[in-house]
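Participant: With the sequence up front, the predicted model follows.
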Amino acid sequence: MPRGEVTQQAAIGNLTLESGEVLPDVTLAYETWGEYDGSNAVLILHALTGDTRVTGEGGWWSQVVGPGLGIDTDRFFVVAANILGGCRGSTGPTTPAPDGARWGTRFPSVTVRDQVAAEVAFSDALGVDTWYGVIGGSAGGMRALEWAIEHPERVERLFLLATCAAASADQIALSATQNDIIRAAGPVAGLDLARRIAHISYRSETEFAERFGRLVQDDGRFAVESYLQHHGDKLVKRFDADSYIVLSDAMNSHDVGRGRGGVHAALGRIQAETVVAGIDSDRLYPLYQQLELADGIPGCEALDIVKSPYGHDGFLIEADQVGDLARRLLA
Ligand SMILES: CC(=O)SCCNC(=O)CCNC(=O)[C@H](O)C(C)(C)COP(=O)(O)OP(=O)(O)OC[C@H]1O[C@@H](n2cnc3c(N)ncnc32)[C@H](O)[C@@H]1OP(=O)(O)O
Ligand SMILES: N[C@@H](CCO)C(=O)O
């Protein structure tokens, strides 16, 4: 079994999508940390603009995953794959289509279930039959949930963070509008603006009020305006606009109840011991969504609440609380 810290590629062949379309020659990029002993594999599923760099320098969960941390790489074989449709090494709009040119806007629509189907094939290729833990926040939580519903025998423990059983009208409204902005304004200005809107939804009104208030900078911009422009600009430098559209559409497709007799019936299929957590200031994935999960999943005792002023991004920022919850689940 490979030992990580470098991004590797797993070829998983053709993938038949929910739509019936066949996506050829799918590859997922991944990284691993720790040693596999046959029963200690933990799958970490990243959110919308995340990637395989979970820990180490610049890792998006570097204080949650690592030696001695909540997800302990001295104990667990930790695996992170880039999402299907992403732009950090896996098959998606930036990779070549069969004609050799970039897929771009021709990349087919994928659903969260398609993304999980790719991850299932990836697990098979890796030789991991059963995951000791499957963990995800936000869009990563959507995939973790689909894993546990569609493959209950392959998921022993499940950690769902700041996520939902089905994308709400509010979430769809924000994502669909961002996608329209990208289409209207183009990949640079459009992605920049889309990210600014998204970033507002990722943080809280209280944080903005306390942190920026009505402060105007020397350059004449409101501090909060400048902050959002900074985040828009940063995403344009590290992310692909076509991929953003594909991934946002996939999130909008999310509904665990579709074709399964509704959300309650779907959640009832989960066999994993489960921790569900939400963030008290999350205005994008409000606590009622995690309460629905906690109530409906047989192996979840109660909803855990992460206290944070940072809104939805609390799942990335509140490393101590998130790490403690992961440690409890994986004990
Ligand atoms: C699983 C996954 O989702 S992986 C993807 C996660 N990564 C991202 O989302 C990347 C985008 N980053 C973020 O959203 C956030 O930085 C987080 C969530 C990762 C961390 O949040 P925080 O630590 O609170 O960072 P914060 O939101 O304060 O941003 C800090 C940045 O804003 C800049 N900034 C702060 N105030 C201002 C201002 N008035 N004007 C311009 N820039 C500003 C800082 O200089 C800093 O810049 P840098 O990131 O280039 O160093
Ligand atoms: N900051 C996170 C929020 C989405 O959940 C991301 O960009 O992936």
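Facilitator: Everything's here; your move. Numbers count the residues shown, from 1 in each chain. Ligands and ions are numbered 1, 2, ... in the order given.
Participant: only C-alpha atoms for contact and neighbour calcs from this point on.
Facilitator: Will do.
Participant: State the distance from whatever residue of the stretch 101-250 of the chain ends up closest to ligand 1 to residue 242.
Facilitator: Taking Cα to the nearest ligand atom, ligand 1 has its nearest neighbour within the stretch 101-250 of the chain at residue 227, 3.6 Å off. Distance from residue 227 to residue 242, counting by Cα to Cα, to the nearest Å: 24 Å.
Participant: Tell me which of the two has more neighbours.
Facilitator: residue 242 (26 against 15; other Cα atoms under 10 Å).
Participant: In contact with the more buried one: list those residues for me.
Facilitator: Contacts for residue 242 (Cα atoms under 8 Å, 6 or more residues apart in numbering) come out as 93, 94, 104, 105, 187.
Participant: 6 Å - rerun?
Facilitator: By Cα atoms under 6 Å, 6 or more residues apart in numbering, residue 242 lies in contact with residue 105.
Participant: circling back to that earlier point, hang on, the residue of the stretch 101-250 of the chain closest to ligand 1 is in a helix, isn't it?
Facilitator: Yes. Using DSSP: H, G, I helix; E, B strand; the rest coil, the assignment for residue 227 is a helix.
Participant: what pLDDT does it get?
Facilitator: pLDDT, residue 227: 98.
Participant: now the strands for the stretch 101-250 of the chain?
Facilitator: All strands of the stretch 101-250 of the chain, identified by DSSP state E, counting those that start in this stretch, fall at 131-137, 155-161.
Participant: Quick one: closest of these to residue 174.
Facilitator: Closest approach to residue 174 among these is made by strand 131-137 (18.3 Å; Cα to Cα).
Participant: How about that closest one and ligand 1, touching?
Facilitator: No. Judged by Cα under 6 Å from any ligand atom, strand 131-137 and ligand 1 are separated, with a smallest distance of 6.8 Å.
Participant: Output that strand as PDB - backbone C-alpha positions only.
Facilitator: Taking C-alpha atoms only, strand 131-137 is exported to PDB below (Å, rounded to 0.1, in the frame of the first residue of the first chain):
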ATOM      1  CA  TRP A 131     -13.500   2.100   5.600                       C
ATOM      2  CA  TYR A 132     -13.000   2.400   9.300                       C
ATOM      3  CA  GLY A 133     -14.100   6.000   8.900                       C
ATOM      4  CA  VAL A 134     -15.600   8.200   6.200                       C
ATOM      5  CA  ILE A 135     -15.500  11.900   7.000                       C
ATOM      6  CA  GLY A 136     -16.600  15.000   5.200                       C
ATOM      7  CA  GLY A 137     -17.700  18.600   5.600                       C
END
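Participant: how many other residues sit next to the residue of the chain found nearest ligand 1?
Facilitator: Nearest to ligand 1, among the residues of the chain, is residue 50, at 3.1 Å (Cα to the nearest ligand atom). Neighbour count of residue 50, defined by other Cα under 10 Å: 20.
Participant: pLDDT at it, what is it?
Facilitator: For residue 50, the model assigns a pLDDT of 97.
Participant: so the residue nearest the centre of the chain is in which element?
Facilitator: By Cα atoms, centre = their mean, the chain has its centre lying nearest to residue 47, at 2.1 Å. Residue 47 belongs to no helix or strand when elements are defined using DSSP states H and E.
Participant: In contact with it, which residues are there?
Facilitator: Shown in contact with residue 47 (Cα under 6 Å, 6+ apart): 138, 139, 140.
Participant: Next one: it relative to residue 265, how far apart?
Facilitator: As judged by Cα to Cα, residue 47 and residue 265 stand 25 Å apart.
Participant: Over to residue 180?
Facilitator: Relative to residue 265, residue 180 is positioned 34 Å away (Cα to Cα).
Participant: Reduced to three states, what does residue 315 come out as?
Facilitator: Residue 315 ends up helix, using three-state DSSP.
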